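>>> show me how the following folds:
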Amino acid sequence: MNWTLMWDSLPRLLAALPLTLTLVFAALACGGVIAFVTALLRLSDYRPLVWTIKTYVFAFRGTPLLVQIFLLYYGLGQFDAVRTSVLWPFLREPLWCAILALSLNTGAYTCEILRGALQSVPAGQVEAARACGMSRTLAFRRIVLPIAFRQMLPTYGNEIILMVKASSLASTITMMELTGVARKIIAQSFAVFEIFILAGVIYLALNFVASQAIRLGEKRLQPCG
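Numbering: from 1, shown residues only. Next comes the predicted model:
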């Protein structure tokens, strides 16, 4: 074990953390918006729309994230309509393609998590809110959504941890995040074992912080009494 190399490589790996965190937070934020909209549409009565959402969820949950990243980064550029569109300045950049792929992927998983949480809210509580004079929208905002969020948080916590690990796949499209920098150091030093252990420890620390934040959120959202 080359401890000197590991110590010297640590600053370079830590310098890649901002990009890793940018990928994770941007994907979770965009994926959360996608999940919220698609989950509500998934619960609608309009069948063509429901089947469209089902197809999206099935496609992104049923195919590897690595394939999705490659299709977006390498595949979209094959179409003239994409290269001549206003979206091309973004889609030709690996950062935006990685964020888009991660967002669509986590959005599909979170859509199902949120849909299940919304459907698990007891109908009696909604009826009680309506009996107190709340409108449907107000009851959804004050009763249904908080209960659903509390119920989905443990499962969504797993999705956050998975997204931290999934961000490493951005290195396959030239992104110099944590894994990308680790691979570059390995190419220069041939110290596969030491560098990947160091990178793994950093990922472990990130997920430890995330799991503790999720646990704290669960405690704060527990109903009193």
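
>>> contact partners of the strand or helix carrying L14?
Assigned by DSSP states H and E, L14 belongs to helix 3-15. Helix 3-15 is contacted by residues L178, V181, A182, I185, S189, A191, E194, I195, I197, L198, A199, I202 when judged by Cβ atoms under 8 Å, 6 or more residues apart in numbering. Backbone N, C-alpha and C define where each C-beta goes, glycine included.

>>> list the contacts for V24?
Going by Cβ under 8 Å, 6+ apart, the list of residues near V24 reads L102, I160, M163, V164, S167.

>>> for V192, give me its contacts.
I186.

>>> name the helix or strand of the protein that has the lowest mean pLDDT.
For the chain, the helix or strand with the lowest mean confidence is helix 123-131, at a mean of 78 (criterion: mean pLDDT, DSSP states H and E).

>>> what about stretch 82-97, start to end distance?
Taking Cα to Cα, to the nearest Å, stretch 82-97 runs 13 Å from one end to the other.

>>> if you could redo that for stretch 87-98, that was the one I meant.
End-to-end distance for stretch 87-98: 15 Å, by Cα to Cα.

>>> now what about it, what contacts it?
By Cβ under 8 Å, 6+ apart, stretch 87-98 touches 23, 69, 72-73, 76-77, 82, 100, 167, 169-170, 173-175.

>>> just the buried subset of those, written out for PyMOL, thanks.
A single PyMOL command selects the buried members of the contacts of stretch 87-98 (16 or more other Cβ atoms under 10 Å):
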select buried, resi 23+69+72+73+76+100+167+169+170+173+175
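
>>> that older thread, would you turn the contacts of V24 into JSON lines with distance to L43, secondary structure and pLDDT?
As requested, those are exported to JSON lines (distance: Cβ to Cβ, whole Å; DSSP: H, G, I helix; E, B strand; the rest coil; pLDDT from 0 to 100):
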{"residue": "L102", "distance to L43": "25", "secondary structure": "helix", "pLDDT": "97"}
{"residue": "I160", "distance to L43": "23", "secondary structure": "helix", "pLDDT": "95"}
{"residue": "M163", "distance to L43": "24", "secondary structure": "helix", "pLDDT": "96"}
{"residue": "V164", "distance to L43": "29", "secondary structure": "helix", "pLDDT": "96"}
{"residue": "S167", "distance to L43": "30", "secondary structure": "helix", "pLDDT": "95"}
